[in-house]
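>>> Structure for this input, please:
(one chain, ligands or ions: 1)
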Amino acid sequence: MKTTTIRCHCGQRIVAKDVLQRSWYVRVFGPSFMYLKFRCSRCKRLGEKFIEQDKWDDSILRDIPSEMSLEEKKRFDQMGKIGVEEEIEFHFQMEDAEALKGLIKEFER
Ligand SMILES: [Zn+2]
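Here you go, the predicted structure:
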């Protein structure tokens, strides 16, 4: 089973203690979204994320050390600088969030 995890663009996993704001965007048509605003515990940058309701699970933010395999942890520790690809991906995510906000406004009109 693939579980959704929230990560900062630096690779750090976002857990409950990093979350500044969390709220549901409930839409009449289409899926609802969980909106999260967070501050990364590693690089201290702010980020935000929309997660579809059907992908949301409270365990996403649970900090379980055993969840990440040692191999995975090593890989993340070795990841120093933000790669260009990640930067682009992050940019798109932000754009998605903006687009979604616009969409929600349309619905609320
Ligand atoms: Zn970070």
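
>>> make it CA atoms for all contacts and neighbour counts henceforth
OK.

>>> where do the strands sit along the protein?
Using DSSP state E, the strands of the chain run over 19-25, 33-39, 46-52.

>>> could those be laid out in a markdown table, adding mean neighbour count, mean pLDDT and distance to Ala99?
Shown next, in a markdown table, are the strands of the chain (neighbours: other CA atoms under 10 Å; pLDDT from 0 to 100; distance: least, CA to CA, whole Å):
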| stretch | mean neighbour count | mean pLDDT | distance to Ala99 |
| --- | --- | --- | --- |
| strand 19-25 | 14 | 92 | 14 |
| strand 33-39 | 19 | 94 | 13 |
| strand 46-52 | 18 | 93 | 11 |
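
>>> Now do Ile60: how many residues are near it, please.
For Ile60, the count of nearby residues is 17 (other CA atoms under 10 Å).

>>> The protein against the ion: which residues are in contact?
Within the chain, the positions lying close to the ion (CA under 5 Å from the ion) are 8, 10, 40, 43.

>>> at 8 Å instead, please
Proximity of the chain to the ion (CA under 8 Å from the ion) is limited to residues 7-12, 39-45.

>>> Write a PyMOL command that selects only the buried members of those residues.
To isolate the buried ones among the residues of the chain next to the ion in PyMOL, judged by 16 or more other CA atoms under 10 Å, type:
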select buried, resi 8+9+10+11+12+39+40+41
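
>>> Nearest to Pro31, out of the residues of the chain next to the ion: which one, please.
Proximity of the residues of the chain next to the ion to Pro31 was ranked by CA to CA; the top entry is Arg7 with 22.1 Å.

>>> could you redo the strands of the chain as JSON lines and give each row distance to Glu98?
Compiled in JSON lines, the strands of the chain are given as follows (distance: least, CA to CA, whole Å):
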{"stretch": "strand 19-25", "distance to Glu98": "13"}
{"stretch": "strand 33-39", "distance to Glu98": "12"}
{"stretch": "strand 46-52", "distance to Glu98": "10"}
